[in-house]
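Enquirer: Need coordinates for the following:
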Amino acid sequence: MNVMSNHHTYDVIIIGGSYAGLSAAMSLGRSLKNVLIIDSGMPCNRQTPHSHNFLTQDGETPSAIAAKGMNQVLTYDTVKFHQGKVVKGQKATTGFKVETSKGESFSALKLIFATGIEDLLPDRKGFAECWGISVIHCPYCHGYEFRKRKTGILARGERAFHLASLVKNLTNDLTLLESAKTALTSFQLQKLKEKNIQLMDKEVIELVHEKGKLTKVIFNDYSEMDFDAIYAAVPFRQHSTIPEELGCELTEQGYLKVNHFQQTSVPGIFACGDNCSMMRSVVNAVATGSLAGAMVNKELTEEHF
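Expert: Predicted coordinates:
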């Protein structure tokens, strides 16, 4: 492994060393750019048992994909890795300077944020333990594994209806949980009835599970209902506030605002992966990371050619 050397000034610093960050580093390493990846080792999908819908990696564990990616990226001599958490960033005379929680500082001409997002999980007993295992966010990533199983959707309004339309193709045993009828249009209610999708207005107070594998939910009237899986729409926040502190704009949904080349609103700062896209998947992270790396290399080339 290429660990950090005494060389503290780089062409590019990539904050976040999961799929998006590693993909960006590969693009840059193959162009002989001096790159430092800084990562804290806490990916948001650390509980997820398997990754899906990623060609050549379908069914592999997220940690195995990341480890293989890290090994491949660090074969490029100009790419270095440093374990740490970046807590501060600032503009410098040329480029940027970042600082870790241990007081270490590094400088670079460009920054790439591949920092992901942090899920704000509800305070319900059992929810956190099931998150990413049997309480899931995406039918494309996990739906096939729960096909034809008893499934719930824990969301409201338009989000609940949208998930129901996608999940109905995977199972005929589908229930919308905590989806008040007042949050749905008459058309939506009629469509749900036509598709035999149940609505339960009672509040879920507990998810009963065995090592993250859901068995049933308990409602606030202490009645119970068996489930094999639940799709849940949960709010999020940026895992790192440093891009905002540096002036990067957010979208209305809370993602980092980027253009088609993964550039943020601040010159010299790029973003990739979950922090700037609602398409939350490993394959999208890899794709946007590769593009971000290539665009940073293009920008550096144009500035120094």
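Enquirer: Neighbours of Y140, how many?
Expert: Counted with other CB atoms under 10 Å, residues neighbouring Y140 total 14. Glycine gets a C-beta too; all of them are placed from N, C-alpha and C.
Enquirer: That one and V282 touch, don't they?
Expert: No: between Y140 and V282 there is no contact, the gap being 11.0 Å when judged by CB atoms under 8 Å.
Enquirer: Low-confidence stretches in the protein?
Expert: 1-7, 44-45 (pLDDT under 70).
Enquirer: One more pass at 80, please.
Expert: 1-8, 42-47, 59, 179-182 (pLDDT under 80).
Enquirer: Spatially central residue in it, please.
Expert: Centroid-nearest residue in the chain: D274, 3.9 Å away (criterion: CA atoms, centre = their mean).
Enquirer: got a list of what it touches?
Expert: Residues in contact with D274 (CB atoms under 8 Å, 6 or more residues apart in numbering) are A20, C44, G116, I117, R280, A285.
Enquirer: elements contacting the strand ranked longest in the chain?
Expert: Counting by DSSP state E, the longest strand found in the chain is strand 105-113. Here strand 105-113 touches strand 9-15, strand 35-39, strand 96-100, strand 269-271, helix 282-304, going by 3 or more CB pairs under 8 Å, 6 or more residues apart in numbering; DSSP states H and E.
Enquirer: L184 contacts F161, correct?
Expert: Yes: the criterion here is CB under 8 Å, and L184 meets it with F161 at 6.4 Å.
Enquirer: before we move on, back to that, neighbour-wise, give me the winner out of the contacts of D274.
Expert: A20 (34 neighbours).
Enquirer: Any idea what K97 is bridged to?
Expert: Q90, S107 (DSSP bridges).
Enquirer: I figured it hits E104, correct?
Expert: No: the pair K97 / E104 is not scored as a contact, 11.1 Å apart, by CB under 8 Å.
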